[in-house]
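Engineer: Just need the structure, nothing else, for what follows:
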Amino acid sequence: MFGLLIPGRLVQSEVQQINETHFVFNVEDADSINHIAIFLTGQTPFPDGYGGAVYFSFPNPTGQQWILLGVIANQKPSAIFKVTNLKSATDSTNPFGQCIPHMSHMAQIGISIETLEELSQQTPSPQAAVSTAETFVEYSRKMLENFFNFATSFTQTQAQMSPNPTETYVPLSTVQTWYQNFERRLQQNTFFWRS
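Structural biologist: All right, here's what the predicted structure looks like:
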């Protein structure tokens, strides 16, 4: 019924059924994963009015903790989730923590079959959301503004400049033109820089 895809690994379809409504994937070497994709295989759809809440659990010294990633349903049969920020640090704070060799951890991906009404009332962890174009645009704008503010903090008029044959100067108008062009291209196509 379900499949799990982790980039760089084979598709995993061996899901352990805990009971009628709960399923678990075991994920070996979970330290090395950043994203996961959960999907319906198409063999068995959810019953009408039902979907699956997708949870993530990473080994934690304080005990097992399940974090809601999101939902899959017949209308949305697959989803990609970011799990990088959800993995807890498991290093011990005792003085022997540095001496113990690194061990890979096994995480679990859980799927709980629930009514669509119940699923709509749950709030997934915001850290599980995959980056969107909007967040990239926001980051790009902040980076541009930061560079522009930094560069303009060193402005001098030509009268204030002392001659220095080893220093190269860029006119502020060039930086302003670059900033405006970059922002315009970003508005036209968020991913223009890929071409």
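
Engineer: Find the least confident helix or strand in the chain, judged by mean pLDDT.
Structural biologist: Taking mean pLDDT, DSSP states H and E as the measure, helix 133-152 is the helix or strand of the chain with the lowest mean score, a mean of 79.

Engineer: low pLDDT regions in this structure?
Structural biologist: Applying pLDDT under 70 to the chain flags the ranges 86-104, 126-135, 195.

Engineer: Quick check, central residue of it?
Structural biologist: With distances taken as C-alpha atoms, centre = their mean, the residue of the chain nearest its centroid is residue 82 (3.6 Å).

Engineer: Tell me what it is bridged to.
Structural biologist: Following DSSP bridges, residue 82 is listed with bridge partners residue 35.

Engineer: Repeat that for residue 71.
Structural biologist: Bridge pairing for residue 71 - DSSP bridges - gives residue 53.

Engineer: This structure - how does it break down into domains?
Structural biologist: 2-128, 133-194 (automatic domain parsing).

Engineer: all strands for the chain, in order.
Structural biologist: Counting by DSSP state E, the chain has these strands, from start to end: 2-5, 16-19, 22-27, 35-40, 50-57, 67-73, 78-82, 107-115.

Engineer: So for residue 188, which of those sits nearest?
Structural biologist: Comparing the strands of the chain by their distance to residue 188 (C-beta to C-beta), the top pick is strand 78-82, with 26.1 Å. Heads up, the C-betas are built off the backbone N, CA and C, glycines and all.

Engineer: Run the angle between the closest one and strand 35-40 for me.
Structural biologist: Strand 78-82 and strand 35-40 are oriented at 160 degrees to each other (axes from the mean of the first three to the mean of the last three C-alpha atoms, to 10 degrees).

Engineer: what angle separates strand 78-82 from strand 50-57?
Structural biologist: Here strand 78-82 runs at an angle of 20 degrees relative to strand 50-57 (the same axes, to 10 degrees).

Engineer: what packs against strand 78-82?
Structural biologist: Identification of packing neighbours for strand 78-82 by 3 or more C-beta pairs under 8 Å, 6 or more residues apart in numbering; DSSP states H and E yields strand 35-40, strand 50-57, strand 67-73.

Engineer: could those be laid out in TSV, adding mean neighbour count?
Structural biologist: As requested, the helices and strands packed on strand 78-82 are arranged in TSV below (neighbours: other C-beta atoms under 10 Å):
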stretch	mean neighbour count
strand 35-40	19
strand 50-57	22
strand 67-73	20
